[in-house]
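In: Output the structure for:
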Amino acid sequence: MDSLNIQAALFSLLRSGLWGRTDFDPSVSLLTDDAWKRVFAEAMRQTVTGLVFGGICRLPDDCMPREELLAKWTAAIERIERNNKRMNDTLATVCRALNKENLSPVLLKGQGIARLYNSPLLRECGDIDLYFPDVTDWEKAVNIIGKGFRIEKASDGSAVCNRNGVIIEIHKTMFDMQSSLHGKLLRLMAQREGFQHTPLFDRQGINILTPSSASNLILLSLHILRHALCFGIGLRQLCDYAVTYNYVANYDPAALNRVNDMMKSLGLRRWHLMLESFIDNYLGVRIDNVANINCNPLLSVISHGGNFGFHAQDNNRSFETVVYNNCKLFHVAPMQALVTLSYLFARRLKG
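Out: Numbering: from 1, shown residues only. Next up is the predicted model:
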């Protein structure tokens, strides 16, 4: 079975896992044992193993993979759910400690987006990202979160804490944007949009904030772009954008216009249109009047590197990979591409 059919089957199962759909692509019924193994491997590369499994659970019996692979897949699901529960426990513990000191963190991405999924525990978790707009609050939070654990400083000025295998990043800035002018625009927008109180799964009495609808979409979009222009990005982050977009379209549609306006102001209108086109074409989000944009360059970057580029075909998060990704996406984000290449080239010369 060729790669295009494997890809079509993967996306069909992924759409089913995201939205509960049962209108599978014909390629799914044609999957051989070897092809199923390739679907599983690609789902692992893209960190969407749980979401694709959600689609498999809706297949007719005669289309299911063999029991041997199902057992392997089930073991992966158990690991994903266990990691999610451990991360939720850690997040709850940290938030309680912060709340006792009258600190209310802003939860970025990750578990804040997971709650929008039909089956949150099937989304593979990464790090916990907490943001504190006030520098004094940030310093207090670092001391509280890092008490008894090792704290390291990241290159962007954030602090990173490893709490028994759960990584917590404590941020001073909210958005992935290197330009000071654009950073000012984003800060003003975040202040205008504000934050919203969010229930933390089944945990009662925990005070945590998440970005507003518009801020969340822009945050995810810039996060995807930064990694896509660097070593790579996986489908998990695109799924995060898809479920967030779908949620906003249903519950706060006016925010979509504000997102469009901000992306224009940032000079990223073409990138925004490509992202919309991708989630419409591949992830099943129905967008009215979606632009007819060729999103194959983004698909190439995703396929080439997998999750944050850790699964690149050459198994190397190399400068050559960065050049490949920037060439693919230069036409939709030229300024960001030039900044990324210049920054990494300067670091390469120093190294």
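
In: Check the secondary structure at residue 160 for me.
Out: Classification of residue 160 by DSSP: H, G, I helix; E, B strand; the rest coil places it in strand.

In: Show me the shaky parts of the stretch 101-250 of the chain.
Out: Applying pLDDT under 70 to the stretch 101-250 of the chain flags residues 178-181, 201-204.

In: could you redo the last one with a cut-off of 50?
Out: Within the stretch 101-250 of the chain, not a single segment meets pLDDT under 50.

In: Sketch out the helices for it, chain order is fine.
Out: Using DSSP state H, counting those that start in this stretch, the helices found in the stretch 101-250 of the chain span residues 110-114, 135-145, 180-193, 213-228, 235-251.

In: Tell me the spacing between the residue lying farthest from the centre of the chain and residue 56.
Out: Distance from the centre of the chain peaks at residue 62, with 33.2 Å (C-alpha atoms, centre = their mean). Going from residue 62 to residue 56 by C-beta to C-beta, to the nearest Å gives 13 Å. Every C-beta, even on glycine, is put in place using the N, C-alpha and C of the backbone.

In: quick one, the top helix by length along the chain and helix 135-145 angle?
Out: For the chain, the longest helix by residue count, based on DSSP state H, is helix 67-100. Calculated by axes from the mean of the first three to the mean of the last three C-alpha atoms, to 10 degrees, helix 67-100 forms an angle of 120 degrees with helix 135-145.

In: about what we covered before: deepest in the core, which of the helices of the stretch 101-250 of the chain is it.
Out: helix 213-228 (a mean of 24; mean count of other C-beta atoms under 10 Å).

In: so which of the helices of the stretch 101-250 of the chain gets nearest residue 72?
Out: Nearest to residue 72, of all the helices of the stretch 101-250 of the chain, is helix 235-251, at 19.5 Å by C-beta to C-beta.

In: Which neighbouring elements make contact with the following helix or strand past the closest one?
Out: Downstream of helix 235-251, the first helix or strand assigned by DSSP states H and E is helix 254-265. Helix 254-265 sits against helix 180-193, helix 213-228, helix 235-251, helix 269-281, with contacts defined as 3 or more C-beta pairs under 8 Å, 6 or more residues apart in numbering; DSSP states H and E.

In: which one of these lies closest to residue 148?
Out: helix 213-228 (29.7 Å).
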